[in-house]
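J.: build me a structure from this.
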Amino acid sequence: MTDEDLSNILEILSDEHSRKILQETMKRPMSAEELSDVCDISPQSVYRRTDKLSSYDLLDAEMEYDEDGHHFQMYTADPTQVVIGISEENTDMTISKRERMADRFSEFISQVRDK
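T.: Prediction:
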């Protein structure tokens with residue numbers, strides 16, 4: 001990870017609204033409109049933050065369609081652990097996501113079928 005990436009991620013995570021977006025989308029998938037209500041910020045602010053979070057794989061976006069054919073993004077975050085290591089030589093960050101139980105179960109079934 002570059003120093004620039006490290007700085008950008010730290011900046012993103014220092015923002016209380018970005019952290020709130022991550023926490024809320026760990027509970028259930030949410031649209032930008034729902035996040036705007038829950039976080040008490042404008043939809044434009046939600047989109048700015050979700051774009052940054054998504055660019056570092058901290059947030060997943062999936063296209064959804066309503067009955068009228070309109071489309072919108074649904075955002076989901078997996079529980080994530082960010083570990084920062086600082087030594088005399090360098091600074092490093094490790095980001096690890098804990099997979100959801102349903103995803104792990106699906107992967108297990110796929111592996112069993114392949115054998």
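
J.: quick check: residue 59 vs residue 31, distance?
T.: Distance of residue 59 to residue 31, given as Cβ to Cβ, to the nearest Å: 13 Å. (Each C-beta comes from the backbone N, C-alpha and C, glycine too.)

J.: give me the more crowded residue out of the two.
T.: Higher neighbour count among residue 59 and residue 31: residue 59, with 22 against 15, using other Cβ atoms under 10 Å.

J.: isn't that one up against residue 21?
T.: Yes - with contact defined as Cβ atoms under 8 Å, residue 59 counts as touching residue 21 (7.1 Å).

J.: just to revisit the earlier point, overlap in contacts of residue 59 and residue 31?
T.: residue 75 (Cβ atoms under 8 Å, 6 or more residues apart in numbering).

J.: name the nearest residue to the spatially most central residue of the chain, ignoring sequence neighbours.
T.: What sits nearest the mean C-alpha location of the chain, by Cα atoms, centre = their mean, is residue 59, with 1.7 Å. Leaving aside its chain neighbours, residue 59 sits nearest to residue 53 (3.8 Å; criterion: Cβ to Cβ, 6 or more residues apart in numbering).
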